[in-house]
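Participant: The sequence and its predicted three-dimensional model are supplied below.
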Amino acid sequence: MSSAYAAGSNDAITLMERQIHAMQAQLEAMKQKQAAENRRVRAELARQRELIEADPYASRARVLGQPTTVGYGVPSSHPQAGTHDDIFGLGNTILAPSRTASTPYGELTAIPPAHPDLYSPMRRGQLQIGGIRLTLGGYLEAAGVWRSRNSAADIASAYNGIPWHNQPASHMSEFHQTERQSRLAFLAEGMLTHWLEADAYVETDFQGSGSSSNSRQSNSYVPRARVVYGELKDRENGWYLLGGQSWSLITLFNKGMLARDEQTPMVIEAQYVPGFNWTRNSQFRVVKTFGKAERYAAGLSIENPSSVPAGVSPCSNAANHCTTTDRLTGTNVNNPSTYYTTDPAPDLIAKVSADPGWGHYELTGVMRFFRDRTSTLGGGRNHTRIAGGGGGGMVLPLINNKLYFQASGLVGTGLGRYGTSNMPDYTYGRNGAVTPLPEANLLIGLYGNPLKKLKLYSYAGAETVLSRRAFDENGVHYGYGNRGFDMRGCSTELATNCAASSNIRTVAQVTGGFWYTAAKGDYGTLLVGGQYAHTHVQAFSGLGGKPKSDADMVLMSLRYQPFN
């Protein structure tokens, strides 16, 4: 039995060895097959990657090497077309088309949209890093500007600095070429929780000037913080919190009340249009929207104060033995070449908006706080004044997608800062105290797309000080707009008796222009723009009459938007 058992054991071992060898051969064949499949997949990935890099908008069928009839005779329009061999999970295109803010200004400046699409396919100009989506925006611009009166300005005109006729510059034109409005934008978005979104937005251009900046040899102009803010968005409950530097809440919106949806004029001019109400400054803003469609909203913004003083204080007269302090020269990281006013509290701006289905409507209120101090030897007194006002605006689609009308206005006291001409906010009373000036701003506009590639626009606007705030004392003239100020030399070249520049009453402008899409493809958009503007400036009347000046301006722009 032992020899029979041993023979059986040997047979079993031999059988097992044969089975193991067969399995090893089968495993080796499987390894070779898998290696061949891996090489095929790597080659296909490399081919698709090369095609994506060469053509970001390549169709799925083209990337996968499929004919118009996609696989197994299934037409490309069939819901199941192209469902096989989709190694990347590509969908219909590799990158979705880029998006900008849904405003005319956003389309011209490639501003990222106000409403997120964090769960949509990747778009051109976007990157994904973990749960953070990055969107690039902005443009490169080559621009030129001609003005009939020389104000030594770049792409941003000094409307309240148009020369009066007693100045030689009033009789000379100017021409400049500039790239300084070129803009870079960067948006980062992500979800903090399943319902709370956070974003950070940075926008910069090159319109800053350092102490060595000039246009003589190397244009050494510096970048500036144009827009820099962070934002929390609770879309589920309709709450939006913003902190940082952004457009003031006083600015007209195109729709709703969300950042980057502002209705900024479509002009080339970087100082926009007189009558346009705005600032870009530090603020803390809260906005509440109502309803799932967010057609109604209310907002409150606490914004960094800064005032524009003007006129003559009685404490400027040495005979009165007093001094008015309402501004200080910048120190440390502030600009030492300008002043900072002594405002005691932030500007408060409240707004409500409605988008009921036809048009956008809004009402705005603003409250401001001014302060100065009059001092005599051994003592002094602070003077605080409250100013403000209200206004509103609208954007109406007269012919949907073809022609739009907009209007906005603001009226009250101490509102000069919020007009684009930077009119004065206040002057001084008999005791040297701050006296807010009554003011009004108005802007109307028409714009549209008569052709798919052509945008046309026209605006008319004005900013005005409604009445004088002036008085005489001991035969000396004080305040703003005093009838005793000498204007007799304003029309005589080199005459010095012209007080017009410090007593401007009205700045008004009419302007119009176009933007033409010269080229648009996988690697950006090329825009060509032109603008003409006529600006009128008038001072309060004084001794010798009512001075006025004007200027004609022509601007041209070539803009390349690489991410749009």
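Facilitator: Yes, it's here.
Participant: Dihedrals phi and psi, the residue nearest to residue 338 when sequence neighbours are not counted?
Facilitator: By the measure of C-beta to C-beta, 6 or more residues apart in numbering, the closest residue to residue 338 outside its immediate chain neighbours is residue 330, 6.1 Å from it. The way it works is simple: take the backbone N, C-alpha and C, and place the C-beta from them, glycine included. Phi and psi for residue 330, reported as degrees, to the nearest 10, are phi -60, psi 140.
Participant: Which residues are in contact with residue 330?
Facilitator: Contacts for residue 330 (C-beta atoms under 8 Å, 6 or more residues apart in numbering) come out as 336-340.
Participant: I'd like these laid out as CSV, including neighbour count.
Facilitator: Converted to CSV, those look like this (neighbours: other C-beta atoms under 10 Å):
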residue, neighbour count
336, 10
337, 9
338, 9
339, 15
340, 15
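Participant: and which of those residues is nearest to residue 266?
Facilitator: Relative to residue 266, the closest of those is residue 338; by C-beta to C-beta it sits at 30.0 Å.
Participant: Per-residue pLDDT of the closest one, please?
Facilitator: You'll see residue 338 listed with a pLDDT of 90.
Participant: same check, this time on residue 190
Facilitator: 92.
Participant: what do you get for residue 72?
Facilitator: Residue 72 is given a pLDDT of 32.
Participant: The one 5 residues further on too?
Facilitator: Reported pLDDT at residue 77 in the predicted model: 44.
Participant: Other residues contacting stretch 347-362?
Facilitator: 248-250, 252-257, 295-305, 363-369, 392-397.
Participant: Can you select the buried ones among those for me in PyMOL?
Facilitator: To isolate the buried members of these in PyMOL, using 16 or more other C-beta atoms under 10 Å:
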select buried, resi 248+249+250+252+253+254+255+256+257+295+296+297+299+301+302+303+305+364+365+366+367+368+369+392+393+395
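Participant: Mind checking which of the contacts of residue 330 are in strands?
Facilitator: Of the positions in the contacts of residue 330, 339-340 sit in strands, assigned by DSSP state E.
Participant: Which single one of the contacts of residue 330 is nearest to residue 317?
Facilitator: Checking the contacts of residue 330 against residue 317 with C-beta to C-beta, the nearest one is residue 339 at 20.5 Å.
Participant: mind checking which helix or strand the nearest residue to residue 501 once chain neighbours are set aside is in?
Facilitator: Closest residue in space to residue 501, ignoring its immediate chain neighbours: residue 164 at 6.3 Å, by C-beta to C-beta, 6+ apart. Using DSSP states H and E, residue 164 maps to neither a helix nor a strand.
Participant: how many neighbours does residue 164 have?
Facilitator: Counted with other C-beta atoms under 10 Å, the neighbours of residue 164 add up to 22.
Participant: got a list of contacts for the helix or strand residue 302 falls within?
Facilitator: Assigned by DSSP H and E, residue 302 belongs to strand 296-303. Residues outside strand 296-303 that contact it (C-beta under 8 Å, 6+ apart): 248-249, 256-257, 279, 281-290, 346-355.
Participant: one more time with 7 Å
Facilitator: 248-249, 256-257, 281, 283-290, 346-354 (C-beta atoms under 7 Å, 6 or more residues apart in numbering).
Participant: Distance from the chain centre to the helix or strand just after it, please.
Facilitator: Using DSSP H and E, the helix or strand that directly follows strand 296-303 along the chain is strand 323-325. Centroid separation between strand 323-325 and its chain, computed with C-alpha atoms, centre = their mean, to the nearest Å, is 37 Å.
Participant: same thing with stretch 319-333?
Facilitator: Offset of stretch 319-333 from its chain centre (C-alpha atoms, centre = their mean): 34 Å.
Participant: circling back to that earlier point, buried ones among the contacts of strand 296-303?
Facilitator: Listed as buried from the contacts of strand 296-303 are 248-249, 256-257, 281, 283, 285-289, 346-351, 353-354; burial here means 16+ other C-beta under 10 Å.
Participant: For residue 403, see how far away residue 533 is.
Facilitator: 21 Å (C-beta to C-beta, to the nearest Å).
Participant: Perfect, I'm done here.
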